[in-house]
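# Fold the following for me, if possible:
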Amino acid sequence: MNAMTPRFPTARRVVLASFSALAIAVLAACSGGHAEEAGMPPPPEVNAAPVLVKQVSQWDEFSGRVEAVQNVELRPRVSGYIDKVNYVEGQEVKRGDVLFLIDARTYQAAYEQANAELARARTQASLARSESERARRLSEQQAISTETWEQKRAAADQAAADVQAAKAALDAAALNLEFTKVRAPINGRAGRAMVTAGNLVTAGDAASVLTTLVSLDTVHVYFDADEATFLRYAQMARKGERPSERDQALPVQIGLAGEQGFPHEGKVDFLDNQVVRSTGTIGVRALLDNADRQFTPGLFARVRLLGSGQFQAMLVDDKAVLTDQDRKYVYVVDKDGKAQRKDVQLGRTADGLRIVEAGLAAGDKVIVDGVQKVFMPGMPVQAKPVAMQPLPAGPKTAALN
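Numbering: from 1, shown residues only. Next comes the predicted model:
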């Protein structure tokens, strides 16, 4: 009976099982695809700002040093032992203040001796004049020879010359006595005393520096400009785009380390007469008012010079600029909400932003924040509109190439 049972029901079951498995696989594949589509991440969020178009002026930035207008190494004019240091180290002094006292006893004695010599010479001169006058009258009466009168007259002239020599010696002695009081030659701040009371100092000795003084009312800022910048400024002056250094002092802006921006203003008052061959730079000096004593000689200074007239420029944030070998590019958001690459040609900075000379058009929305989330051109993004803001001013200076 079992051997005679037909096999068709078994074959049907196999076919039905296979069909069911295939259907399950298809359904699983379809449901898996939907699940994958449902799990895709959303487009990345970025900040996009429209290109800023405005009138700007370009500035050149340099590094410099603050120097005193007057810098004096105070040395003794006479030799002797220091009696007293007569000032407070590090404090401001006035011109004429006595800073050091040198033992004056030897010079006082020399002065008194010279004064006595002058008195003696005057007495001798008076006597010689009297004898010369008496000899003249006797000669006229032919009581004495003309030769004798001429000798008396010569003696009187010699006595008068001795008086002049004695006066000069007295003046020299008075100067030496005065030089025992070492006075400040300028208004300014005195440094530390290099010698103290009891030490011997020698006039004319380069090593005998008593102290240093620097003026403070105004200061200089020295900096170097490269050849290209110097030539560009000279060309601008010839074209009348800026005042000539000979006709009008150029305005400069100064910032110290740690200060924001360039809060101090001054004028260029000196331009060197030649370019240094070894460095390819030319020395420039600016003059600044220092009435509030903000500047101390030796400080580092950031210097900014106006490098152009006003012109209309397209500006972007430097953070938006990317590099591909020797090319610069940015990502802009198109009307479909996709990031598109645009190669750009960059200029210098202005108002904290980068000038774009070519590659962008007014109205382009440039990705300024989150650009690292864009992996390829044409990628959809969620752009949040922001304003194109300049970089905050700080002690760092941007490259101006």
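
# Thr106 contacts Gly80, doesn't it?
Yes - the pair Thr106 / Gly80 is scored as a contact, 7.0 Å apart, by CB atoms under 8 Å. For the C-beta atoms, the positions are set from N, CA and C on the backbone; glycine is no exception.

# Counting neighbours, go ahead and name the busier of the two.
Ranked by neighbour count (other CB atoms under 10 Å), Thr106 and Gly80 place Gly80 first, with 20 against 16.

# Who does that one form a beta bridge with?
Under DSSP bridges, the beta-bridge partners of Gly80 are Val201.

# If I look at it, what pLDDT would I see?
On pLDDT, Gly80 comes in at 96.

# Next, count neighbours for Val381.
There are 22 residues near Val381, going by other CB under 10 Å.

# so the closest residue to Asn187 other than its chain neighbours is in which element?
Among residues not flanking Asn187 along the chain, Arg95 sits closest, at 5.1 Å (CB to CB, 6 or more residues apart in numbering). Assigned by DSSP states H and E, Arg95 belongs to no helix or strand.

# which ones are touching the spatially closest residue to Glu131 that is not a sequence neighbour?
Leaving aside its chain neighbours, Glu131 sits nearest to Lys152 (5.0 Å; criterion: CB to CB, 6+ apart). Contacts for Lys152 (CB atoms under 8 Å, 6 or more residues apart in numbering) come out as 128, 131-132, 134-136.

# Likewise for Val163?
118, 121-122, 125.

# Among these, name the ones in helices.
118, 121-122, 125 (DSSP state H).

# For those residues, which two are the farthest from each other?
Across those, no pair lies farther apart than Leu118 and Ala125, at 10.3 Å, counting by CB to CB.

# in stretch 328-338, what's buried?
If you call a residue buried by 16 or more other CB atoms under 10 Å, then stretch 328-338 has these buried ones: 328-333, 338.

# Strands of the stretch 51-200 of the chain, residue ranges please.
Applying DSSP state E, counting those that start in this stretch to the stretch 51-200 of the chain gives strands spanning 52-56, 59-68, 71-74, 80-85, 92-93, 98-102, 181-183, 188-190, 200-201.

# Check Gln113 and give its pLDDT.
Reported pLDDT for Gln113: 97.

# Tyr331 too?
For Tyr331, the predicted pLDDT is 90.

# what residues are up against it?
Going by CB under 8 Å, 6+ apart, Tyr331 touches 320, 322, 339-342, 366-367, 371, 374, 377.

# Check the offset of whatever helix or strand it lives in from the chain's centre.
Assigned by DSSP H and E, Tyr331 belongs to strand 327-333. Taking CA atoms, centre = their mean, to the nearest Å, one finds strand 327-333 lying 35 Å from the centre of the chain it belongs to.

# could you dump the contacts of Lys152 to CSV with neighbour count, pLDDT and distance to Glu67?
Output for the contacts of Lys152, formatted as CSV (neighbours: other CB atoms under 10 Å; pLDDT from 0 to 100; distance: CB to CB, whole Å):
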residue, neighbour count, pLDDT, distance to Glu67
Ala128, 20, 92, 59
Glu131, 17, 91, 65
Ser132, 19, 90, 63
Arg134, 13, 90, 69
Ala135, 22, 89, 68
Arg136, 14, 88, 68
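
# Okay, and which of these map to helices?
The helices, defined by DSSP H, take in 128, 131-132, 134-136 from the contacts of Lys152.

# that older thread, which element follows the strand holding Tyr331 toward the C-terminus?
Per DSSP H and E, strand 327-333 leads on to strand 338-350 as the next helix or strand towards the C-terminus.

# in this structure, what secondary structure element scores lowest on mean pLDDT?
Scoring the helices and strands of the chain by mean pLDDT, DSSP states H and E places helix 8-38 at the bottom, with a mean of 44.

# For the next helix or strand after that helix, which residues meet the burial criterion?
Per DSSP H and E, the first helix or strand lying C-terminal to helix 8-38 is strand 45-50. Using 16+ other CB under 10 Å as the burial criterion, the residues of strand 45-50 that qualify are 46-50.

# So which of those residues is the closest to Tyr87?
Using CB to CB, those come closest to Tyr87 at Ala49, 59.7 Å.
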